Structure formats: C-alpha cells, structure tokens
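**Q** Fold the following.
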Amino acid sequence: MLFVGDTGIIISRRNFRDFCSVSNLVLSHMIKWFAANNLVLNLDKINVMKFIALHFGYKEKYIVETVNTKFLGL
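**A** Below you'll find the predicted structure:
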C-alpha cells in the first residue's frame with residue numbers, strides 16, 4: 001500500500017455553502033482517483049488552510065490586499 005504525500009489543492013468559491021459542497025466533492029474524487037491508482041489518502045494527516053479577503057485598516061489607512069504570497073518553512 002502506497003500513501004499519497006505533499007498534495008495541494010486550491011478551492012475558491014464566493015460563498016461558504018458552495019465552498020463546502022465543492023470541497024467535499026473534490027475530496028471524494030481525489031480518494032477515488034488515488035484508489036484507482038493504488039494509492040491511499042491518509043485522512044488523519046489532511047490539513048485545511050482557509051483564506052478570506054478582508055478590507056481593514058486603522059485611522060483611514062487601509063492595508064493593501066495582495067494576490068501573491070510565499071509559504072516559507074512548510
């Protein structure tokens with residue numbers, strides 16, 4: 001039995017209900033695809049990172065939103 005490692009998926013939806021629905025559908029498809037290719041997705045080791053767009057600031061100075069970021073040390 002081989003386990004899947006270091007797989008990243010990005011899902012983006014405008015509302016939370018659609019996000020949850022699509023996320024569950026994607027996970028189901030992933031598990032089926034991995035199984036068809038003799039791989040196992042270890043659900044105990046899956047992590048989810050949720051990002052949301054915020055518009056906030058202090059005293060009329062707003063923080064600029066960026067579309068790029070770097071993950072260091074992951």
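**Q** all helices in the chain, in order from the N-terminus.
**A** 16-36 (DSSP state H).
**Q** pLDDT-wise, which helix or strand of it ranks last?
**A** strand 2-3 (a mean of 68; mean pLDDT, DSSP states H and E).
**Q** List the residues that contact Arg13.
**A** When contacts are counted by C-beta atoms under 8 Å, 6 or more residues apart in numbering, Arg13 is found next to Phe19, Val22. Every C-beta, even on glycine, is put in place using the N, C-alpha and C of the backbone.
**Q** From Lys32, how far off is it?
**A** Distance of Arg13 to Lys32, computed by C-beta to C-beta, to the nearest Å: 21 Å.
**Q** Output the below-cut-off pLDDT ranges for the protein.
**A** Applying pLDDT under 70 to the chain flags the ranges 1-5, 53-56, 65-67, 69-74.
**Q** could you redo the last one with a cut-off of 90?
**A** Filtered on pLDDT under 90, the chain yields the residue ranges 1-16, 19, 30-31, 34, 38-74.
**Q** Centroid-wise, who is the farthest residue in it?
**A** Lys59 (33.1 Å; C-alpha atoms, centre = their mean).
**Q** That one: what's it in contact with?
**A** Per C-beta under 8 Å, 6+ apart, neighbours of Lys59: none.
**Q** Please tell me how far it sits from Asn24.
**A** Using C-beta to C-beta, we find Lys59 at a distance of 42 Å from Asn24.
**Q** again, but for Ile52
**A** According to C-beta to C-beta, Ile52 and Asn24 sit 19 Å apart.
**Q** who's more crowded, these two?
**A** Asn24 (10 against 5; other C-beta atoms under 10 Å).
**Q** what's the spacing between the more buried one and Met30?
**A** With C-beta to C-beta as the criterion, Asn24 and Met30 are 11 Å apart.
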